[in-house]
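In: Mind looking at a prediction? Sequence and model below.
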Amino acid sequence: MISIDEIQVRLREAIKLSNLTQTEIAKRLGISQGTVSKYMRLNKYPALDTFANLCEILDVSADDILGLRK
């Protein structure tokens with residue numbers, strides 16, 4: 001089974017590896033930098049539309065973040 005904690009760890013890692021600042025990501029998504037910071041601290045999860053756009057911005061597959069690829 002896939003857990004939300006595993007998904008969040010992969011998302012956090014993708015954000016770190018993107019070489020984009022939290023401010024740059026927030027600006028591209030149209031959200032606050034504080035919200036991106038909460039994604040990084042593992043205590044807030046993006047809405048599905050935000051998640052899809054975040055995957056695009058980070059140039060990562062949603063399948064990879066969700067752990068659907070073996």
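Out: Everything's here; your move.

In: Let me have whichever helix in the chain runs longest in CSV, keeping just the CA atoms, if that works.
Out: Counting by DSSP state H, the longest helix found in the chain is helix 4-17. Only the C-alpha atoms of helix 4-17 are listed here, as CSV (Å, rounded to 0.1, in the frame of the first residue of the first chain):
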residue,chain,number,x,y,z
ILE,A,4,0.6,9.7,2.2
ASP,A,5,3.9,10.0,4.1
GLU,A,6,5.8,8.3,1.3
ILE,A,7,4.1,10.6,-1.3
GLN,A,8,5.0,13.6,0.7
VAL,A,9,8.7,12.6,1.1
ARG,A,10,9.0,12.1,-2.7
LEU,A,11,7.3,15.5,-3.3
ARG,A,12,9.6,17.2,-0.8
GLU,A,13,12.6,15.6,-2.5
ALA,A,14,11.5,16.6,-6.0
ILE,A,15,11.1,20.2,-4.7
LYS,A,16,14.6,20.1,-3.3
LEU,A,17,16.1,18.7,-6.5
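
In: contacts for it?
Out: 22, 25, 36, 39-40, 42, 45-46, 51, 54-55, 58, 60, 64-67 (CB atoms under 8 Å, 6 or more residues apart in numbering). All C-beta atoms are positioned from the backbone trio N, CA, C, and that covers glycine.

In: Next, the angle from the very next helix or strand once past that helix to helix 4-17.
Out: Using DSSP states H and E, the helix or strand that follows helix 4-17 in sequence is helix 22-29. Relative orientation of helix 22-29 and helix 4-17, computed by axes from the mean of the first three to the mean of the last three CA atoms, to 10 degrees: 100 degrees.

In: Report the distance from helix 22-29 to the chain centre.
Out: 11 Å (CA atoms, centre = their mean, to the nearest Å).

In: ok, and for the next helix or strand after it, which residues are buried?
Out: Sequence-wise, the next helix or strand downstream of helix 22-29 (DSSP H and E) is helix 33-40. For helix 33-40, the neighbour count (16 or more other CB atoms under 10 Å) marks 36, 39 as buried.
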